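Asker: for reference, the sequence and a predicted model appear below.
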Amino acid sequence: MFPLHRGRRLRTNESIRSLVRETSLSPADFMFPMFIAEGENYKSEIPSMPGIFRRSIDLTVEEVKELFALGIRAVNIYVKADESLKDNTGKEAWNPEGLMQRTIKAIKKACPEMIVMPDVALDPYSIYGHDGIITKGAIANDATNEALVKMAISHAEAGADFVAPSDMMDGRVLRLRQGLDTAGYENVGIMSYSAKYASAFYGPFRDALDSAPKENKDNAELAEVPQDKKTYQMDYANRLEAIKEALWDVEEGADMVMVKPGIAYLDIVREVKNAVNVPVTVFHVSGEYAMIKAAAERGWLDHDKIMMEQLMCIKRAGASLISTYFAKEAAILLNNK
């Protein structure tokens, strides 16, 4: 008790503070989400995400090399599918010559040690913008799982190190594990989006991929299509459900589990971390990124300080890996310390 104990002694100067610091960050803590588009030498900034681009495969490869040189060891990749390739089956998702498959091959050829975790969900390939197949106005869970298995196997064939199912279908981790093992890819891991909430923080991401659910308006074809993703993504009022979903995914064979979004869900990160015996990934999502960029642009926040504070808080809450659009900027700062 005071005056025998004075907590401020351990805060006297930066040298002492660094000696007793409980959490640290390094570039290896980050995974960088990347958006891929068709074309060559193509680079287009996403308006709602300053500094983040859709890139053609050739420029993606060059960016991956830069990321690896900075100490970042994982990328999470998403593709912008052409409208002509979209339907209600998602069959373009497992095209061996599809954009995703060609991207995986190109990255692994150019930078074999970079861990590639492609997204597994049907929304980039769906005419309805949903993560699954629509049947009679609802998401068909089991039919979607069958499609996701085909998609995951095609990613493994292309060279993916992990597959990252973000769809939130029931039982999909078990089906993916069984499918990958049967196809001879027992060493390809699964990073499951276990606690993915139906969040308003995803807006800029959906702009990047044009993957938001389609509005019905006066279109009779879309009249019965769900207008949001709340029948499969989680209710943000729920905490215990996240633990249940994470435990189920681990039982089904997930090697890593994810909580998404990040900063507003740090209580969930800690709950899941305490409940599971596998690494926990946190997705610091597009809306969280955009908020910091917008506030910093207006001079309301110190960009670099708030960026590093948020990343440190995510790590402190229990993240083993942070998927963040700030990965490159944060790695540069850490390397220059």
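Answerer: Here it is on my side, so go on.
Asker: can you give the contact residues for the helix or strand of the chain with the lowest mean pLDDT?
Answerer: Least confident helix or strand, the chain: helix 203-209 with a mean of 74, by mean pLDDT, DSSP states H and E. Contacts of helix 203-209 with the rest of the structure, by CB atoms under 8 Å, 6 or more residues apart in numbering, involve 35, 46-49, 52, 54, 78-80, 123-124, 129, 211-212, 285-287, 289-290. (Glycine included, C-beta is placed from N, CA and C.)
Asker: which ones among the residues you listed are found in helices?
Answerer: With helices taken from DSSP state H, the overlap with the contacts of helix 203-209 comprises 286-287, 289-290.
Asker: what distance do you get for Ala106 to Asp58?
Answerer: Look at Ala106 and Asp58: by CB to CB, to the nearest Å, they are 8 Å apart.
Asker: do the same with Lys80
Answerer: Counting by CB to CB - Lys80 and Asp58 are separated by 15 Å.
Asker: higher neighbour count, the two?
Answerer: Lys80 (16 against 13; other CB atoms under 10 Å).
Asker: hang on, the earlier thing: export the least confident helix or strand of the chain as CSV, just CAs?
Answerer: Taking Å, rounded to 0.1, in the frame of the first residue of the first chain, the C-alpha atoms of helix 203-209 are listed here in CSV:
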residue,chain,number,x,y,z
GLY,A,203,-19.1,-0.2,-45.7
PRO,A,204,-15.8,0.8,-47.4
PHE,A,205,-14.9,-2.9,-47.9
ARG,A,206,-18.1,-3.6,-49.7
ASP,A,207,-17.5,-0.5,-51.9
ALA,A,208,-14.1,-2.0,-52.8
LEU,A,209,-15.6,-5.3,-54.0
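Asker: wait, doesn't Met191 sit right on Met258?
Answerer: Yes - in terms of CB atoms under 8 Å, Met191 counts as a neighbour of Met258; the distance is 6.3 Å.
Asker: residues shared between the contacts of the two?
Answerer: Here Met191 and Met258 have 164, 281 as joint contacts, going by CB under 8 Å, 6+ apart.
Asker: okay, and the nearest residue to Arg172 once chain neighbours are set aside sits in which element?
Answerer: Counting by CB to CB, 6 or more residues apart in numbering, the nearest residue to Arg172 once its immediate chain neighbours are dropped is Asn145, at 4.9 Å. Here Asn145 is covered by helix 141-158, with elements defined by DSSP states H and E.
Asker: how about low-confidence regions in the stretch 51-200 of the chain?
Answerer: Of all residues in the stretch 51-200 of the chain, none has pLDDT under 70.
Asker: which stretches in it count as helices?
Answerer: Taking DSSP state H, counting those that start in this stretch, the helices of the stretch 51-200 of the chain run over residues 57-69, 99-110, 141-158, 172-182.
Asker: same thing with the stretch 201-337 of the chain?
Answerer: Under DSSP H, counting those that start in this stretch, the stretch 201-337 of the chain gives helices at 203-209, 240-252, 266-275, 286-297, 303-317, 327-335.
Asker: OK, contacts around Thr135?
Answerer: Taking CB under 8 Å, 6+ apart, we find Thr135 in contact with Ala143.
Asker: beta-bridge partners for it, please?
Answerer: Ala138 (DSSP bridges).
Asker: I'd like the distance between it and Asp207.
Answerer: Using CB to CB, Thr135 is found at 28 Å from Asp207.
Asker: same deal with Glu329?
Answerer: Separation of Glu329 from Asp207 (CB to CB): 20 Å.
Asker: how about Met307?
Answerer: Distance of Met307 to Asp207, given as CB to CB: 21 Å.
Asker: more neighbours, these two?
Answerer: Neighbours were counted for Met307 and for Asp207 using other CB under 10 Å; Met307 has more, 21 against 16.
Asker: next up, the contacts around the closest residue to that one other than its chain neighbours.
Answerer: Residue nearest to Met307 in three dimensions, not counting chain neighbours: Phe326, with 5.1 Å by CB to CB, 6+ apart. By CB under 8 Å, 6+ apart, the contact list for Phe326 reads 30, 284, 289, 292, 307, 311.
Asker: what's the nearest residue to the fourth one if we skip its chain neighbours?
Answerer: I take that to be Ile292. Leaving out its chain neighbours, the residue that sits closest to Ile292 by CB to CB, 6+ apart is Ile306, at 5.7 Å.
Asker: how many residues are close by the one you found?
Answerer: 15.
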